[in-house]
Every structure is written in C-alpha cells, then in structure tokens.
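**Q** Got a predicted structure plus its sequence, pasted below:
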Amino acid sequence: MAIVESTTPENEAHNKLRIKVCGMKFAENIANVATLEPDFLGFIFVSGSARYAADTLDPRQLLALPLGIKRVGVFVDETTANILRIAGQYGLDLVQLHGEETPEQCADLQTAGLPVMKVFSVGETFDFATLMPYVSHCTYFLFDTKGEMRGGNGTTFDWNLLKAYPLSVPYFLAGGLDLSHVPVLQELQLPGLFAVDLNSRFEAAPGQKDVEKLRVMLEALRYNPMN
Ligand SMILES: O=C(O)c1ccccc1N[C@@H]1O[C@H](COP(=O)(O)O)[C@@H](O)[C@H]1O
C-alpha cells in the first residue's frame, strides 16, 4: 500500500490511511499526542483494563480536542443505556464495541445517532460470514487479534486473511501494530483497510503513550515515496 495512494488532493482524502491512537487516559499525554494530529483517539471505558480512562479523565479534556480528531469510546459488553450516557458525557464521535455485542445493539446505537465500530477477533482462520448480520448496522469494522484479553494483547494475526475481505464496510486493523509493520502494510495493499490502530506497542506505561515513538510511526505511515 502506498500509504497515501493518490496524487490528487480529492482522491488523497479518500485513499489515505487513517490513524487511531488508542488507550489514552492522561490529560497531558493526550494533549501531546493530539499535536501529532491522529485521525482518531481512543479511550477505554472497560473497568478491568489498565487503560481505563474514566478514573483519570475529565470529560472537558476530551471536549477540548481539535475538531479534526474523532473521539472513540471503547466498550466491552456494556449496556446501550450506559454507552449512550458515557458518549454524551465525553462527546464521543464513535463507539468501538470490543465484546460479544449483537447486531441489534449496534442497530440501536446507530439509530440513536452514535456510529458503531464492531470488533471481530481473528484467530488462525476467519469466516467472513460472521460479519453479514452486522453490515447494515455498523459504520466500521475492526479486526483485532484473538488473545487472552479482550483487547490490548499486543499481538498480530495473519493479515493475509484480510486479502479476501469481500465487503464495502471500511475497517480498522488492530493488534500489536508497531513501526516494523509499515513495510508489510505497504506491501499487502489490503482491500477495505481504512485505518490502523496503535495501542500497547507505543506505551511507556499502560495508558501513557510514548510521543516520540508515535511521531516516528505516524511519519512512516504518512510518508508517500510517490510524492
Ligand atoms: O487496550 C485495552 O486495554 C483494551 C481493553 C479492552 C478492550 C479493548 C482494548 N484495546 C484495544 O485492543 C486493540 C489492540 O491493541 P494492541 O495493539 O494489541 O495493544 C486496540 O483496538 C485497542 O483499542
């Protein structure tokens, strides 16, 4: 993949690979990462996670983020009422559902005006038929590596499985991504890939991102040798 595949500004906007930095929880760190202008910042609202944001974050810190950065709330098997309440409180633009959420719950959230990104955990194989009931109820899909924990395992899966992606729903790729993967991503040219999700491989401590490490990664992802 040429990370920015087109030379025209119009197509560039459509084709460029978006970047999500996830697992943010400290105000100063969020402000510093925001200067790198990621497309999405993710906040974990899962109480067992080391990246749980609700303990440390004042909603006003999220509401003050630049408009160009979309705020993503990450949930695992949370009730629709709680998701909508937290989304309103923190001004979330999108929710990432990282558990066993049903197509009906995705539909309810989207009907309530909250775009949904449904996560699917990928093991050694993946059956794309699993996605079908979700297609009309999700704005994005996200593919993460199946692991011991719901998310944040820091491990990759065989991305070649996504070469056969048959749908038009754009997706995020997550799971252990780091700088060493940029050439592989460029080579693979995955159909439907909309964004990459950066999390535990860019941390100085849980929830504390290494800004310099992220800066190098974002520069590598945004570098287009064709320009
Ligand atoms: O990071 C967490 O603690 C977490 C907890 C519960 C659900 C999702 C979580 N993180 C998500 O996991 C993926 C992959 O992260 P990693 O690169 O493997 O560390 C990412 O989408 C995070 O949003």
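**A** Cool, got the structure.
**Q** What ranges in this protein fall below the confidence cut-off?
**A** Residue ranges of the chain with pLDDT under 70: 1-14, 224-227.
**Q** Flag every residue of it that's near the ligand.
**A** Counting by CB under 6 Å from any ligand atom, the residues of the chain close to the ligand are 22-23, 42, 44, 46, 49-51, 74, 76, 98, 144, 150-154, 174-177, 197, 199-201. Glycine gets a C-beta too; all of them are placed from N, C-alpha and C.
**Q** Mind doing that once more with 8 Å?
**A** Residues of the chain that fall close to the ligand, judged by CB under 8 Å from any ligand atom: 20, 22-23, 42, 44, 46, 48-52, 72, 74, 76, 96, 98-99, 119, 142, 144-145, 147, 149-155, 172, 174-177, 197-201, 206.
**Q** Which of these are buried, as a ChimeraX select command?
**A** Buried residues among these (16 or more other CB atoms under 10 Å), as a ChimeraX selection:
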select :20,22,23,42,44,46,49,51,52,72,74,76,96,98,99,119,142,144,145,147,150,151,152,153,154,172,174,175,176,177,197,198,199,200,201
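**Q** What about the nearest residue to Val122 once chain neighbours are set aside, how many residues nearby?
**A** Spatial nearest neighbour of Val122, excluding adjacent residues (CB to CB, 6 or more residues apart in numbering): Phe157 at 4.4 Å. Phe157 has 21 neighbours, counted by other CB atoms under 10 Å.
**Q** what about Phe157, which SS state?
**A** coil (DSSP: H, G, I helix; E, B strand; the rest coil).
**Q** which residue ranges form the helices in the protein?
**A** 9-15, 27-34, 59-63, 80-90, 103-111, 182-188, 211-222 (DSSP state H).
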